[in-house]
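Asks: for reference, the sequence and a predicted model appear below.
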Amino acid sequence: MSTSISAAAPTTLPLGKALNAGLRRALENDPKVVLLGEDIGKLGGVFRITDGLQKDFGPNRVIDTPLAESGIIGTAVGLAMRGYRPVCEIQFDGFIYPGFDQIVSQVAKLHYRTGGNVTMPITIRVPYGGGIGAIEHHSESPEGYFAATAGLRVVTCSNASDAHTMIQQAIASDDPVLFFEPKRRYWEKGQIDPAATGPLHKARVVAPGTDVTVVAYGPLVTTALQAAKVAADEGRSVEVIDLRSLSPLDVDTVAASVQRTGRLVVTHEAPVFLGIGAEIAARISERCFYHLEAPVARVGGFTVPYPPAKLEQHFLPDVDRILDAVDRTFTA
């Protein structure tokens with residue numbers, strides 16, 4: 001069932017429905033917005049994020065594509081060149097690799113290559129991360145590949161309100177945006193304010209604290225907030241920051257927090273090795289060296305392919321692993 005949000009008052013929706021409402025508003029506001037993806041039309045997508053949109057906007061604006069990610073991205077490039085704002089859905093995170101060449105060789109570089117004469121207002125939606133008990137290629141966290149690619153903007157929402165607002169901001173951007181959606185949070189409800197605004201690439205303090213800063217993004221923001229509650233019961237005050245944007249990075253917000261707390265833990269589902277946390281750790285070590293009371297701690301996945309579903313609880317960072325890292329910053 002499709003979702004429409006009144007402009008008059010806040011509404012409570014699951015994150016997935018908030019995305020649907022944001023896409024609907026983008027389609028309503030700009031006739032040049034088109035959606036492309038595998039099974040996004042009649043089926044409404046495997047997670048039903050585009051449910052009802054083809055019925056209401058027609059098959060020329062909500063387009064069911066062949067199972068070919070390179071074709072989806074290549075078609076979007078052509079549409080962008082003709083003035084459209086294509087929104088591509090990659091059905092699962094691990095399916096993005098057939099489209100990787102188009103994304104890093106064409107989408108990321110055409111604006112630069114043409115001296116600014118050609119824009120690439122393409123949004124690429126990627127359900128990512130684990131926690132749903134899925135098979136191989138359905139639970140990966142490939143965001144680091146794209147955050148390391150110049151010419152791309154990379155963002156991720158963690159709650160329904162941001163999902164609704166950020167997807168519209170991404171579509172309105174004249175730059176290509178990789179929009180990572182935490183699939184295991186699709187069903188978590190939150191209040192949507194249709195009038196909400198704010199910079200797309202600004203991190204947010206979602207829980208104030210004084211003793212240690214925990215930075216998370218996407219699916220692990222909820223986990224970090226749970227860890228902060230447990231820590232509070234033990235007398236320790238944890239400040240939680242939702243990074244929201246991975247490229248560009250809002251280092252200023254993180255640095256300001258660390259200058260107050262003196263300690264930092266960074267967590268993400270992707271492997272710790274060469275992950276987003278490594279860049280944040282390096283930046284904060286450079287900018288806040290004399291404020292740090294302990295080395296920056298990182299909590300993430302292990303450097304192995306994503307494991308079978310029965311083992312994913314051992315792979316994914318949880319409250320205990322985050323709190324263990326917090327403890328280490330007080331004993332280092």
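Replies: Nice, thanks for sending it over.
Asks: switch to C-alpha atoms for all contacts and neighbour counts from now on
Replies: Will do.
Asks: how far does the one helix or strand G78 maps to sit from the chain's center?
Replies: Here G78 is covered by helix 69-81, with elements defined by DSSP states H and E. Computed by C-alpha atoms, centre = their mean, to the nearest Å, the chain-centroid distance of helix 69-81 equals 21 Å.
Asks: low-confidence stretches in the stretch 1-150 of the chain?
Replies: 1-9 (pLDDT under 70).
Asks: name the residues of stretch 121-141 that are buried.
Replies: Neighbour-count burial for stretch 121-141 flags 121-131, 138-141 (criterion: 16 or more other C-alpha atoms under 10 Å).
Asks: now for those: which two are most distant?
Replies: Of all pairs drawn from the buried residues of stretch 121-141, the greatest distance, 31.2 Å, lies between P121 and G131 (C-alpha to C-alpha).
Asks: all helices for the stretch 51-200 of the chain, in order.
Replies: Ranges of helices within the stretch 51-200 of the chain are 53-57, 69-81, 100-101, 110-113, 143-147, 160-172, based on DSSP state H, counting those that start in this stretch.
Asks: mind giving me CSV with those and columns for mean neighbour count and distance to R321?
Replies: What follows is the helices of the stretch 51-200 of the chain, written out as CSV (neighbours: other C-alpha atoms under 10 Å; distance: least, C-alpha to C-alpha, whole Å):
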stretch, mean neighbour count, distance to R321
helix 53-57, 17, 41
helix 69-81, 20, 36
helix 100-101, 16, 32
helix 110-113, 16, 42
helix 143-147, 19, 21
helix 160-172, 24, 26
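Asks: looking at the ones you listed, spot the one closest to V251.
Replies: So among these, helix 143-147 is nearest, using C-alpha to C-alpha, at 14.3 Å.
Asks: list the contacts of that closest one.
Replies: 104, 152-154, 178, 180, 246-248, 275-276 (C-alpha atoms under 8 Å, 6 or more residues apart in numbering).
Asks: neighbours around the nearest residue to K189 once chain neighbours are set aside, how many?
Replies: Closest residue in space to K189, ignoring its immediate chain neighbours: P14 at 3.8 Å, by C-alpha to C-alpha, 6 or more residues apart in numbering. For P14, the count of nearby residues is 20 (other C-alpha atoms under 10 Å).
Asks: just to check, P14 is in contact with K183?
Replies: No: taking contacts as C-alpha atoms under 8 Å, P14 lies outside contact range of K183: 11.5 Å.
Asks: so for stretch 324-332, mean pLDDT?
Replies: Stretch 324-332 carries an average pLDDT of 94.
Asks: same check on stretch 203-221?
Replies: 98.
Asks: give me the buried positions along it.
Replies: Buried-residue list, stretch 203-221, by 16+ other C-alpha under 10 Å: 203-205, 207, 209, 211-221.
Asks: got a list of what S139 touches?
Replies: 92-94, 128-132, 306 are the contacts of S139 under C-alpha under 8 Å, 6+ apart.
Asks: what strand or helix carries A26?
Replies: A26 belongs to helix 15-29, assigned by DSSP H and E.
Asks: after that helix, next one along is what?
Replies: strand 33-37.
Asks: so which elements touch that following strand?
Replies: Judged by 3 or more C-alpha pairs under 8 Å, 6 or more residues apart in numbering; DSSP states H and E, the packing partners of strand 33-37 are helix 15-29, strand 62-64, strand 85-89.
Asks: and these, which is most packed in?
Replies: strand 85-89 (a mean of 27; mean count of other C-alpha atoms under 10 Å).
Asks: outside of that one, which residues touch it?
Replies: 32-38, 40, 72-73, 76, 79-80, 121-126, 171-172.
Asks: now do 7 Å
Replies: Here strand 85-89 makes contact (C-alpha atoms under 7 Å, 6 or more residues apart in numbering) with 32-37, 72, 76, 79-80, 121-126, 171.
Asks: swap in stretch 316-332?
Replies: Against stretch 316-332 from outside (C-alpha under 7 Å, 6+ apart): 223-224, 226-227, 263, 265, 269, 294-295, 297, 299-301.
Asks: which residues touch L152?
Replies: Contact analysis of L152 by C-alpha under 7 Å, 6+ apart lists 108, 146, 176-177.
Asks: P142 and I276, how far apart?
Replies: The gap separating P142 from I276 is 11 Å, by C-alpha to C-alpha, to the nearest Å.
Asks: out of the two, which sits in the busier spot?
Replies: Between P142 and I276, counted using other C-alpha under 10 Å, the more crowded position is I276 (25 against 20).
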